[in-house]
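**Q** Provided below are the primary sequence and the corresponding predicted coordinates.
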Amino acid sequence: MHHRSGVFLFALLLASFDFVGCSGLVAGNNGNPPPATLGITNVLVGSATTSSCQVDWTTNVLADSAVDYGTSTSYGSTTPVDPAMVMSHQVVLSGLAPGTVYYYQVRSTDSTSNNARSSGHSFKTSGGSPAITMQPTSQTVTAGQTASFSAAATGTAPLSFQWNRNGTAISGATSSSYTTPATTSSDNGAQFTVKVSNTAGSVTSSAATVTVNAAPVAPSITTQPASQTVTAGQTPSFSVAATGTVPLSHQWRKNGTAISGATSSSYTTPATTSADNGAQFTVVVTNTAGSVTSNAATLTVNPAPAPGIQVNPASINFGNTLVGSSLSQVLIITNTGTSTLSISQVAQSGAAFTVSGFSLPLNVNPGQQTTITVAFLPTSVGASAGNISIVSNAPTSPTSVVLSGTGIAATLNLNISPTSLSFGSITTSTSSAPQNVTITNTGNSNVTISQISVTGTGYSITGGGAPVTLSPLQTLTLTALFSPTAAGSVNGSISIVSNANGSPASVSLSGTGVAPVQHSVALTLQAGTSTVSGYNVYRSTVSSTGYIKLNSSLVSGLTYTDSSVQNGTTYFYVATAVDSGGTESTYSNEMQAVIP
């Protein structure tokens with residue numbers, strides 16, 4: 001085979017046929033028994049590999065050597081005649097397929113033109129399709145762990161492996177073993193198989209199932225124990241609610257010391273005294289995955305019923321707020337006393353702050369809470385300070401909440417990444433791989449993109465449906481393609497028009513269109529000894545089958561050029577000879593052409 005300037009040259013050996021008249025009979029003994037002076041014995045296969053086989057026989061007189069062979073009893077292929085006159089004959093058949101049964105007969109002709117042929121024989125080349133000798137086994141893991149599968153197979157090397165999950169090929173999983181990423185509950189029940197392939201065929205393993213058990217979940221407190229206020233002599237109760245893998249164990253503590261026997265989700269104290277005032281109660285919740293300690297609940301023991309007031313948060317900081325906009329937070333007021341809390345006045349100071357969401361008088365039962373809404377509405381840039389004063393019947397009245405916040409100006413900024421795209425060399429009438437441009441709002445205010453456009457022949461974008469508004473930190477992704485229509489360098493750009501600083505933003509585009517390479521295959525036919533009218537040339541993309549005739553009329557010469565080949569395709573060629581009566585020979589040997 002020769003390769004020069006995209007042209008592949010092959011020599012095809014045509015089986016030799018001698019045609020008698022128009023009958024198309026093969027020369028030889030014409031079916032008559034060989035002369036008694038020439039005899040063939042001891043026909044056997046000396047050695048067979050995956051692609052070759054040595055055939056041995058003996059004759060009773062000196063004679064030449066040839067073998068007819070093929071994958072059926074009609075043979076179809078013949079070795080060149082070895083003219084050496086010997087009595088011990090050896091002929092090597094090459095270019096055979098692995099793991100395949102071949103049929104053959106041997107032929108010899110002595111110096112006086114007496115010829116003889118043996119009866120039919122057969123042999124099988126070594127190797128063949130892969131066979132799985134160790135199937136992958138099912139695995140049981142805990143969520144977060146990985147699962148590993150392996151398989152073993154025999155067959156003609158090289159063997160290739162492709163692992164599949166639920167029937168879909170896993171990218172990069174091409175060895176005899178495969179380890180999953182960290183599993184999740186969604187992987188439970190997934191089935192894994194492996195397909196083993198070689199040049200002779202493929203086989204798929206049985207399915208291995210992965211069972212994913214839930215990982216133990218450490219406890220998490222969903223309801224914290226609440227502080228209690230009681231009158232001396234009462235018995236307050238504390239409770240907690242928690243989630244996590246059962247069983248959960250509880251241990252209550254008072255001022256950091258474990259309370260004997262307090263091991264349920266709730267705890268009721270003995271009758272309280274003034275000495276218990278201010279005691280801190282916590283509970284430790286434990287399981288096999290860990291433990292968590294609750295917030296502390298404070299026990300307040302009052303000598304007589306009295307209201308109490310608690311505000312949360314004790315101060316409110318609104319942080320940075322755009323001038324002309326408003327931010328709100330909720331102030332929670334809790335009655336921590338033992339009688340009704342009556343709020344008679346709520347007043348705020350600071351021109352940028354307001355309070356709402358309540359009506360006076362505001363009564364809160366013991367242990368209950370109410371809320372008021374505090375808003376910050378800056379009208380200028382800079383820091384603001386204020387205060388809320390709550391007047392009530394609680395002993396600690398008035399209660400004060402400090403307010404603060406800063407007015408800031410709006411900024412309108414867009415970040416474009418990258419600012420240039422290079423597509424390299426792309427074959428004309430094809431498209432490049434897509435490349436992305438990310439637009440990010442890096443300011444503190446909404447930015448409106450009013451127009452996105454692209455210039456340059458062959459460039460296109462998707463994903464930029466203008467007009468569109470981006471909130472702070474929001475992104476928009478544009479996808480660009482280069483589809484050149486002619487060879488040569490092409491420059492372009494993407495323009496992004498918005499109300500942001502520096503508009504319009506631009507992304508430069510570059511790429512080069514290149515013309516496709518045209519290939520052809522040149523075939524050289526080697527004629528046999530027969531007188532023929534011409535030849536037919538056949539082609540297939542599958543070896544040994546599916547041949548399609550290329551020529552519309554007989555090829556009169558011994559060369560033929562196939563200019564209809566496609567890039568990235570492998571072709572298989574055979575030829576036949578046709579005599580004057582229209583009788584066509586069997587296929588020649590097959591030749592292969594790989595088009596880059």
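**A** Sure thing, it's come through.
**Q** all helices for the protein, in order.
**A** Taking DSSP state H, the chain contains no helices at all.
**Q** Walk me through the domains of it.
**A** 2-7+518-594, 33-124, 131-213, 220-302, 309-408, 414-514 (automatic domain parsing).
**Q** could these go into JSON lines alongside mean neighbour count and mean pLDDT?
**A** Glycine gets a C-beta too; all of them are placed from N, C-alpha and C. As requested, those are exported to JSON lines (neighbours: other Cβ atoms under 10 Å; pLDDT from 0 to 100):
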{"stretch": "domain 2-7+518-594", "mean neighbour count": "15", "mean pLDDT": "87"}
{"stretch": "domain 33-124", "mean neighbour count": "16", "mean pLDDT": "91"}
{"stretch": "domain 131-213", "mean neighbour count": "16", "mean pLDDT": "94"}
{"stretch": "domain 220-302", "mean neighbour count": "16", "mean pLDDT": "95"}
{"stretch": "domain 309-408", "mean neighbour count": "16", "mean pLDDT": "94"}
{"stretch": "domain 414-514", "mean neighbour count": "16", "mean pLDDT": "93"}
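**Q** Mind listing the residues bridging to the closest residue to Thr475 other than its chain neighbours?
**A** Taking Cβ to Cβ, 6 or more residues apart in numbering as the measure, Thr475 lies nearest to Thr440, with 4.8 Å between them; neighbours along the chain are not counted. Beta-bridge partners for Thr440, by DSSP bridges, are Asn415, Thr475.
**Q** Distance-wise, check Thr440 relative to Ser417.
**A** Distance of Thr440 to Ser417, given as Cβ to Cβ, to the nearest Å: 7 Å.
**Q** likewise Thr469?
**A** Distance from Thr469 to Ser417, by Cβ to Cβ: 20 Å.
**Q** Kindly report the same for Arg165.
**A** Arg165 is 34 Å from Ser417, by Cβ to Cβ.
**Q** Tell me, what's the model's pLDDT at Phe10?
**A** Note for Phe10: predicted pLDDT of 35.
**Q** before we move on, what about the one 10 residues further on?
**A** As predicted, Val20 sits at a pLDDT of 24.
**Q** With Ser16 instead?
**A** At Ser16, pLDDT is 32.
**Q** For Val67, see how far away the nearest residue to Phe281 once chain neighbours are set aside is.
**A** Nearest residue to Phe281, sequence neighbours excluded (Cβ to Cβ, 6+ apart): Ala297, at 4.7 Å. Distance of Ala297 to Val67, given as Cβ to Cβ: 99 Å.
**Q** repeat for Thr273
**A** Thr273 is 114 Å from Val67, by Cβ to Cβ.
**Q** same deal with Ala577?
**A** 20 Å.
**Q** Keeping just the C-alphas, turn the longest strand seen in the chain into PDB.
**A** Among all segments of the chain classified by DSSP state E, the strand with the greatest residue count is strand 53-70. As requested, the backbone C-alpha atoms of strand 53-70 are provided in PDB (Å, rounded to 0.1, in the frame of the first residue of the first chain):
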ATOM      1  CA  CYS A  53      -1.900 -21.500   9.000                       C
ATOM      2  CA  GLN A  54       0.700 -23.900   7.600                       C
ATOM      3  CA  VAL A  55      -0.700 -26.800   5.500                       C
ATOM      4  CA  ASP A  56       1.600 -29.800   4.900                       C
ATOM      5  CA  TRP A  57       1.200 -32.800   2.500                       C
ATOM      6  CA  THR A  58       3.300 -35.300   0.500                       C
ATOM      7  CA  THR A  59       3.300 -36.500  -3.000                       C
ATOM      8  CA  ASN A  60       4.700 -39.800  -4.400                       C
ATOM      9  CA  VAL A  61       6.700 -37.900  -7.100                       C
ATOM     10  CA  LEU A  62       8.200 -34.400  -7.400                       C
ATOM     11  CA  ALA A  63       5.500 -31.800  -7.900                       C
ATOM     12  CA  ASP A  64       4.600 -28.100  -7.300                       C
ATOM     13  CA  SER A  65       2.400 -26.800  -4.500                       C
ATOM     14  CA  ALA A  66      -0.900 -24.800  -4.200                       C
ATOM     15  CA  VAL A  67      -3.900 -24.500  -1.800                       C
ATOM     16  CA  ASP A  68      -7.500 -23.600  -2.400                       C
ATOM     17  CA  TYR A  69      -9.100 -22.200   0.800                       C
ATOM     18  CA  GLY A  70     -12.000 -20.100   2.100                       C
END
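**Q** my guess is Thr448 meets Thr469, correct?
**A** Yes - using Cβ atoms under 8 Å, Thr448 is in contact with Thr469, at 4.9 Å.
**Q** residues contacting Thr206?
**A** You called it Thr, but residue 206 is Ser. Gln135, Pro136, Thr193 (Cβ atoms under 8 Å, 6 or more residues apart in numbering).
**Q** What distance do you get for it to Asn166?
**A** 14 Å.
**Q** Gln280 too?
**A** For Gln280, the distance to Asn166 equals 54 Å [Cβ to Cβ].
**Q** quick one: the nearest residue to Thr199 once chain neighbours are set aside from Val203, how far?
**A** Counting by Cβ to Cβ, 6+ apart, Thr199 lies nearest to Thr156, which is 6.6 Å off, once chain neighbours are set aside. According to Cβ to Cβ, Thr156 and Val203 sit 13 Å apart.
**Q** Overlap of the contact sets of those two?
**A** Joint contacts of Thr156 and Val203 (Cβ under 8 Å, 6+ apart) are Ser129, Pro130.
**Q** residues touching the spatially closest residue to Ala131 that is not a sequence neighbour, list them.
**A** In this structure, Ala131 finds its nearest non-sequential neighbour in Thr154, 5.3 Å apart by Cβ to Cβ, 6+ apart. Thr154 sits next to Pro130, Ala131, Thr133 when contact means Cβ under 8 Å, 6+ apart.
**Q** run the last query once more with 10 Å
**A** By Cβ atoms under 10 Å, 6 or more residues apart in numbering, the contact set of Thr154 is Gly127, Gly128, Ser129, Pro130, Ala131, Ile132, Thr133, Val196.
**Q** likewise Ser425?
**A** Ser432, Pro484, Ala487, Ser489, Gly511, Thr512, Gly513, Val514.
**Q** so what's the closest residue to the last one other than its chain neighbours bridging to?
**A** Take Val514 and drop its neighbours on the chain: the residue closest to it by Cβ to Cβ, 6+ apart is Ser425, 4.9 Å away. Beta-bridge partners recorded for Ser425 (DSSP bridges): Thr512.
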